[in-house]
Structure formats: C-alpha cells, structure tokens
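**Student:** No sequence on hand, only this structure:
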C-alpha cells in the first residue's frame, strides 16, 4: 500500500471511471457480473476513503493534507487535487452510502432497464471528483459528470412521473450550470486564477473594482451551489424529483444536496475567511437568512406531507437549511456539530427512502401510492420479481427500522440525531460569537425545535397509517439484500452514539483545518513538482 | 467592438431567458441553447477583447504578455461548449421521450386545464 500512496487519492476518481467504462460493453443479461464489478469498485472506494482518512489522521502528510498535481504542473497553473480530513470524511460518507444503495438495488432496480451500473459508477466519480478538486473549473466539470449521471439515473425505470420530474430537474440544473459558468468567468476576470488556494491569496489584495466583480461572481456561483443544496426559494425541484426517482437513486440524490453544502462550506470558509481583507464574511448573512427560511419552508412542507417520499424530501430540505444556517452563522465552534448532523441526517434520510420502497409493499397494490405512478409504465415493473425468501417477522423489522429512522430524523434520543441536534443547540446557546445578533440565535433555536416537532408529527402520522393498519393481508416478502443495507445504515446511526466522543474529536480537527486558511494556501501553492522517479 | 459584443450577449441572454420561461419544451430547449451561446461568449471576453494577438507562445523565449491573448478563457470556453452541447443533447432525448409518453409538448407533461 505504501508505494501507492501519492497516487492513492486519484483512485476514487479513476476507478469508477474505468469500472463504468468497462460495464458499458457488458450485456445487460450478465447483470450479476455487472453488479459484482460495481460492488468491487464501490468497496475499493470505501477502503480508499478509510485509508485516506487514516493517513490524514496519522500526521504523515505535511499540514495533514495531501496535494496531487495532475500531469506534474505546479499549483496555480495545473490541475490540483487536495485530500484533507474534510474530503476524506465526505469520501467515506459517499462510499458508505454508495455501497448501501448499490446492495439495495440488487434485487430489483439494477435489473430494470439498462446501464444502471455504469451511470451509478459515473455518479460516484462525479461526487468524488467534486469533493477532491481544488480548482473551480474542475469543480464545474465534476459537477457536470455528477449531474449528467443523475439525469440518467433519475429516469431509470422510465415512467411518466419520472419523465415529468426529469424535465424539470434537468432544466433547473442546466440553468444552474450556466450560472456556475458565469460565476467562474467573473471570478477569473477579477483575479486571473481559478485555483482555490490562489484565489484565497489574491482576494485580500484586490482593489475595489475587481472586488466588486469578484463578489458578483461569487454571488452568482452561490446561486448554482444553493440550487444544488435546495435553499429556499431555489429548491422547489427537490420534492418532485425525490418522489419520482426509484428508491436507491433517491437515496443517492440526498447525498447530492450535501455535495452542494460541502462545496459552499469549503469555498466560503476558504475564500471569505478573516484573511480575505475587505471581502471577509461576504454573503454570510445571506446563507444564514436563506438557511433559516429553508428550515421554515421544510418544516411547513413536512407538516403538509402525506406520502413517505415527500416526508423524506422535506426532511432533506430541513437538513440543508440547518446546515446552511450553521455555515452562515460563522461560528467555527459549531462546525463540528454541523458536520456530525450532516453525516447523521444524510444516512437517516437515505435509509428512510429505501425503507419507503419496502413499506409500499404492505398495502395491497390497489391501495398503494405506487399504483398512481404505475399507470402507463414503459418498463414492466414486477414487484414479485424481487421477492426472495421470506424473512421471519419482516413486518417487525420494517417497524423497528422505521422507528429508528424516525428517531434520527426528528432528533429524538437515544440515536445519533439527538446527539447531533443536542450539540447544535448547546453550541448555539454557548456561542460567544458576535457575528449574529442575539435574536437570530433564538430564532434559529426555535426553528430547529419546530422543525423537529413537525418531523415527529409527520413521521408519526405516516407510521400509524402504515404499521397499525388492519388490512394487511398481503404476506410481506423482503429480499435479504434489501433489509441488510438499511440495517447496516441504522447500525451506523446507533454506533455513532457510542463513538460520538472520538468522532467529535475528529470533526473538531476537521473544523480546525478549515480555519487554517494560510496553511492551506501555502501547502497547495508550495507543493513541489516531481523531478525524478521518486514519486512514481 | 465592445459595444457589439456586449449588445449581442445581452440580446442572446434576453431571448434565452424569455424562451426558457415559455411552456413548450421546444421553446425551452431553444432558450437553453441561446443562453449557453451567451455564456460561452461571456467566458470568452473575460480574457479581454483583442485583435491579432495569438494565444500560443514559442517555448523558451521571453515574451511580452501584452502582445498575447489570454489562452485560458479559450480553453475554458471549449470545455464549456462540449459539456453544454452534451447536456443539451441529453435534454433533447428526454424531451422526445416526454412527447412520446405524454402526448404533449408542454413542460409539465400535461396541458393546462383552462387551455382545453
């Protein structure tokens, strides 16, 4: 493993690209082979993410950061990839969720329609690339890879509701991509660079004209990222899209909103830190207010939701809103709580979405919400196809899994959601920062609690209607590959409570890294090019 | 030249924005195309407007940067064109699929009730 070290961080990008490309040529009849290739690639990504995190923790890397100069061009000129603790944590989250959703899709969705596995790998490639890149234009390219794959996956299992949602999703994201490009052009016009570290260095020295152009560019870029992370009023596409996509893909889409949040966290914290001179803290109040509005919108939407998918969608909106508000609040002490919340809520919402696919089977087909979308299917979708062995007490499993999801999503004790929410509330009360007026702090506290309450109401209503019904005459059949990933994610949610101490220590180090702007700049820009055979 | 370019970008943007707000999917895709032309031109001019200046330099020679055009926006625009073209083509497929499945070219997949 040691000799691979310098190139290890390319693996999460190259491996899915290769695996995806290879699987194009394999006929759909060999779906088991394709599944195995896909699983292998995703599992290697998981191991790589763990390895990268361990290396970042080991102190072997200078400034705990690995810098990769693609094609050996030095930093501001060539393409740079940077792996630090935050990136490693996000890679780990991506790979974990990727493995879980992939296993979940085995019994049904990966056999329906074509090229599921290729698109799945390309989606992972886009996400991993967006996490690792340290260059604005590469970020755009990886975003496009991720989005193009997500368009295809959203339409997977082609029916009317998916194509309607797809039309809107694609147009919204194409327009957001155009905003992205305009933002990049303005940033380049103002500073003459697109490298994150170089940008952070140059922002402090801009004169007022260039600063105005840069801030305009940053605001336009933010529109693109905030559309992705579903900030109100840019997130109206989200509930429709999440309701339409098939379960494993909708679970991955939850992660996509978090990639938007990640990019905002990384860029905003780096570019507009206290070292940015006159631009310091630019746009923080927009993030804060937008986050709070999103939180309120999510809470109201959740109360109005009857269908499980809409409950999941608005839970994702609430989670985005909370994170954006916490980022915009600008208190570094709250960052580790925010990251803990990010991990816990992403996993819980994803598990809940997968669960909804299984709970749909409780109803007789005629009563099911699914029936609504089943009309005029272009692809024959047979629920029985996925029915494997009958797990004893499948209903009990679903009920307990639902209860665990609900506890995490609503932030009730004893699971990880409670730890996350408690530490956020504690941090807010404890916060000595003077960035925001006091009433904002209380408003945020109140909104977080109201959002939790509306999650409890919506989830309880759904639970009572689903699990305490009398007309449950259909014997419920679960495939082990469908129960296992949900179980694994929920066990992660449980174990996050037990390892909360070490995890918080790690996330504290992540947030310390994020505040070391000068160290980051120096580390990236001073990274030497390889002159001899030593790096090969 | 500045005025011509600025006006053409403005006109392209204006028409594009108007078109993507229209209810027919064909109008939307035309709007997206116009918008991406506008954005591509916009990226191009961030390297400043100049005439008769090459973007490529001879290796090993000391050069006067003011005599050369900025090559980076040109490279960016090339990438942006390719990506924009591909994603728009993808949308075109979805558009045709939607027309086939729903029988209408309305972006919602159904006509508005009042229109019928």
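**Tutor:** Alright, I've got the coordinates. These figures come from a predicted structure and were not determined experimentally.

**Student:** Report the helix or strand with the lowest average pLDDT across chain A.
**Tutor:** helix A:369-374 (a mean of 44; mean pLDDT, DSSP states H and E).

**Student:** Now do the buried residues in the one helix or strand residue A:36 maps to.
**Tutor:** Element membership for residue A:36 (DSSP states H and E) is helix A:31-58. Within helix A:31-58, the residues scored as buried using 16 or more other C-beta atoms under 10 Å in any protein chain shown are A:31, A:34-35, A:37-39, A:41-42, A:44-46, A:48-49, A:51-53, A:55-56. In short, each C-beta sits where N, CA and C put it, glycine included.

**Student:** quick one: secondary structure of residue B:56?
**Tutor:** coil (DSSP: H, G, I helix; E, B strand; the rest coil).

**Student:** Wait, it touches residue B:70, no?
**Tutor:** No. In this structure, residue B:56 is not within contact of residue B:70 by C-beta atoms under 8 Å, at 11.7 Å.

**Student:** which one of these two has more residues nearby?
**Tutor:** residue B:70 (16 against 8; other C-beta atoms under 10 Å in any protein chain shown).

**Student:** for the more buried one, phi and psi?
**Tutor:** As for residue B:70, its main-chain torsions (degrees, to the nearest 10) stand at phi -70, psi 120.

**Student:** now the nearest residue to it once chain neighbours are set aside, what's its secondary structure?
**Tutor:** Spatially, and ignoring its direct neighbours in sequence, residue B:70 is nearest to residue B:47 (3.5 Å; C-beta to C-beta, 6 or more residues apart in numbering or on different chains). Put simply, residue B:47 is coil when judged by three-state DSSP.

**Student:** Report how many residues lie close to residue A:14.
**Tutor:** Residues near residue A:14, counting by other C-beta under 10 Å: 13.

**Student:** Report the distance from the helix or strand hosting residue A:461 to the chain centre.
**Tutor:** Per DSSP H and E: residue A:461 is located in helix A:438-467. Put simply, helix A:438-467 sits 22 Å off its chain's centre (C-alpha atoms, centre = their mean, to the nearest Å).

**Student:** so what secondary structure elements neighbour that helix?
**Tutor:** Helices and strands touching helix A:438-467, as assessed by 3 or more C-beta pairs under 8 Å, 6 or more residues apart in numbering or on different chains; DSSP states H and E, comprise helix A:284-303, helix A:308-329, helix A:394-410, helix A:416-430.

**Student:** again, 6 Å this time
**Tutor:** Applying 3 or more C-beta pairs under 6 Å, 6 or more residues apart in numbering or on different chains; DSSP states H and E, one finds that helix A:438-467 contacts helix A:284-303, helix A:308-329, helix A:394-410.

**Student:** Run the angle between it and helix A:416-430 for me.
**Tutor:** 170 degrees (axes from the mean of the first three to the mean of the last three C-alpha atoms, to 10 degrees).

**Student:** Any chance you could list what contacts whichever helix or strand comes after helix A:438-467?
**Tutor:** Counting by DSSP H and E, the element after helix A:438-467 in chain order, helix or strand, is helix A:480-498. Helix A:480-498 has contacts (C-beta atoms under 6 Å, 6 or more residues apart in numbering or on different chains) with A:100, A:103-104, A:106-107, A:347, A:351, A:354-355, A:401, A:404, A:408, A:415-416, A:419.

**Student:** Could I get the buried residue list for helix A:480-498?
**Tutor:** A:481-483, A:485-490, A:492-493, A:496-497.

**Student:** so, in contact with chain B or not, the top helix by length along chain A?
**Tutor:** In chain A, assigned by DSSP state H, the helix with the most residues is helix A:160-191. Yes. For helix A:160-191, a contact with chain B is found by C-beta under 6 Å from any C-beta of the partner chain, at A:160, A:163-164, A:166-167, A:170, A:174, A:178, A:181-182, A:185, A:188-189.

**Student:** quick one: contacts of the helix or strand following that helix?
**Tutor:** Toward the C-terminus, helix A:160-191 is succeeded by helix A:196-203 as the next helix or strand (DSSP H and E). Identification of contacts with helix A:196-203 by C-beta under 6 Å, 6+ apart yields A:76, A:134, A:191, A:193, A:270-271, A:276, A:279, A:517, A:521, A:524-525.
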